[in-house]
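Undergrad: Using only what follows, build the 3D model:
(2 chains)
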There are 2 protein chains.
Amino acid sequence: MVQTTHPGNIGAAARAMKTMGLSQLVLVAPSHFPHAEATALASGAADILARARVVATLDEALADVALAVATSGRSRHLPWPHVDARTGAQRMLQESLRHPVALVFGREDRGLTNEELQSCHLHIGIPSDPDYGVLNVAAAVQVLAYELRMAWLQSQDQSAAGGRQMPLWQVPWDEELATHAEVEQFFRHFEQVLARVGFLSVQNPRPMLLRLRRMFLRIRPDRLEHNLLRGLLKDVEKALSKREEGA
Amino acid sequence: MVQTTHPGNIGAAARAMKTMGLSQLVLVAPSHFPHAEATALASGAADILARARVVATLDEALADVALAVATSGRSRHLPWPHVDARTGAQRMLQESLRHPVALVFGREDRGLTNEELQSCHLHIGIPSDPDYGVLNVAAAVQVLAYELRMAWLQSQDQSAAGGRQMPLWQVPWDEELATHAEVEQFFRHFEQVLARVGFLSVQNPRPMLLRLRRMFLRIRPDRLEHNLLRGLLKDVEKALSKREEGA
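TA: Below you'll find the predicted structure:
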């Protein structure tokens, strides 16, 4: 981060990094650091602030780096290799397997100077609204750190993670899905109850039944849910019978 | 945003939204609003704060909404449909062509309550480091707003075809989805009938009710289907009353 003015932004950036598994923060001539506001906004990322390296110039910060990527919203007069956040993050991740890479963030009000931009290999931009595209610097750190993490996750072998997940709802599920036969049993039972409460006494009940079937097929009930539905139908039948006996 | 404590986070969230071309902010019972700190951190997004709607409950905020997506880092005991930020943003964008969609953000310290999470169709998470995954709420708004914009930009690249399709089921659909308010009315009516047929007379009906809620939220009923379900509940009530009169 180059010449950050508000220490709160340094803290918020550290927190953003930590949530995405990044840890190496270099501050180039910050206005105030260390600072209570930085610590407050870092929240659980105090360790990143404690280990942050403070240097005087961008050249010093980039000394060991083999790929320097500058964040830049504006296009400058001399076209420079430019990628969007997603593409850039993927490329940074790939290169990070070979050598140190760095992402460079500018000042809150003026970003990076032309000279600073021109000391980087690549410029990276976060696609934003043309009418108001000015992200807060810590928010920009959050988005790019997020894209780096997404790129890293995608590079991991996905096969290990997916096994226990319910593909439909993308979470591990505690129950097996009900089978076709079970669901058809439910439908037959459901129709009996529908007939008994007079729901099917309209002229042509088929279209309505079809819509109900479509609806309940969308549920994709698991075993426990299927049992709940069946239990509910039985309770309706029992309640109706009780009245009858009482009559 | 539900019960936001720090007004600065409201301002930062407004700015994050504006940079990504979003504009409709709803605040549920914020601790302090309007507030000078919110205005300061909103920077060029003061218009979004000025037009923000302040309501008392999440139900009020979601009344007209047909897809409610809750941000949630933690997994709860009962699995709920869950997507990551990228997948969820794509889905929200598609559905937004048909009906109002909402993204729900929780409190700074405790997120959303279980009840709030359970009034949403879908939970969405930002992949983060398992050791420290706690994003600041405005940072989370920035990431998700960014993913929504990326999804929108990608949809612009693709042809304009398919606009009338129901994105959920990949076919043209003949009915609009029922709104949050309508579905909540159904749930209230459903619970009355469940109580009347004795389905809720078990020791602890809550877990069962929760599973039923999750099931019916998965249906995503359209207006006609919603009317069918309501009509069915009325027929059950009528059938029970008739027996009573006969007695």
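Undergrad: Need the residues that contact the longest helix anywhere in chain A.
TA: As assigned by DSSP state H, the longest helix anywhere in chain A is helix A:223-246. By C-beta atoms under 8 Å, 6 or more residues apart in numbering or on different chains, the list of residues contacting helix A:223-246 from outside reads A:175-178, A:182-183, A:185-186, A:189-190, A:193, A:196-197, A:219, A:221, B:194, B:196-199, B:208, B:211-212, B:215, B:236, B:239-240, B:243-244, B:246-247. No exception for glycine: its C-beta is placed from N, CA and C like everyone else's.
Undergrad: hmm, stretch A:204-214 touching chain B?
TA: Yes: Stretch A:204-214 reaches chain B (C-beta under 8 Å from any C-beta of the partner chain) through A:208, A:211-212.
Undergrad: what's the answer for stretch A:135-153, then?
TA: Yes: using C-beta under 8 Å from any C-beta, stretch A:135-153 reaches chain B at A:135-136, A:138-139, A:142-143, A:146, A:149-150, A:153.
Undergrad: and that stretch, C-alpha only, in PDB?
TA: Output of stretch A:135-153 as PDB, limited to C-alpha atoms (Å, rounded to 0.1, in the frame of the first residue of the first chain):
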ATOM      1  CA  LEU A 135     -13.700   2.000  -4.500                       C
ATOM      2  CA  ASN A 136     -12.300   2.700  -1.100                       C
ATOM      3  CA  VAL A 137      -8.800   1.300  -1.000                       C
ATOM      4  CA  ALA A 138      -9.500  -1.400   1.700                       C
ATOM      5  CA  ALA A 139     -12.600  -2.400  -0.300                       C
ATOM      6  CA  ALA A 140     -10.400  -2.900  -3.400                       C
ATOM      7  CA  VAL A 141      -8.000  -5.000  -1.300                       C
ATOM      8  CA  GLN A 142     -10.900  -7.100  -0.200                       C
ATOM      9  CA  VAL A 143     -12.100  -7.700  -3.800                       C
ATOM     10  CA  LEU A 144      -8.700  -8.600  -5.100                       C
ATOM     11  CA  ALA A 145      -7.800 -10.700  -2.100                       C
ATOM     12  CA  TYR A 146     -11.100 -12.500  -2.700                       C
ATOM     13  CA  GLU A 147     -10.300 -13.100  -6.400                       C
ATOM     14  CA  LEU A 148      -6.900 -14.500  -5.400                       C
ATOM     15  CA  ARG A 149      -8.500 -16.900  -3.000                       C
ATOM     16  CA  MET A 150     -11.100 -17.900  -5.600                       C
ATOM     17  CA  ALA A 151      -8.300 -18.600  -8.100                       C
ATOM     18  CA  TRP A 152      -6.500 -20.600  -5.400                       C
ATOM     19  CA  LEU A 153      -9.600 -22.700  -4.500                       C
END
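Undergrad: Centroid-nearest residue for chain A?
TA: With distances taken as C-alpha atoms, centre = their mean, residue A:146 lies nearest the centre of chain A, 7.9 Å away.
Undergrad: From residue B:138, how far off is it?
TA: 14 Å (C-beta to C-beta, to the nearest Å).
Undergrad: Find the least confident helix or strand in chain A, judged by mean pLDDT.
TA: helix A:159-162 (a mean of 45; mean pLDDT, DSSP states H and E).
Undergrad: between the longest helix of chain A and helix B:223-246, how many degrees?
TA: 30 degrees (axes from the mean of the first three to the mean of the last three C-alpha atoms, to 10 degrees).
Undergrad: circling back to that earlier point, for the residue nearest to the centre of chain A, what is the enclosing helix or strand?
TA: If you go by DSSP states H and E, residue A:146 is part of helix A:137-155.
Undergrad: So which bits of that helix are buried?
TA: A:137-152 (16 or more other C-beta atoms under 10 Å in any protein chain shown).
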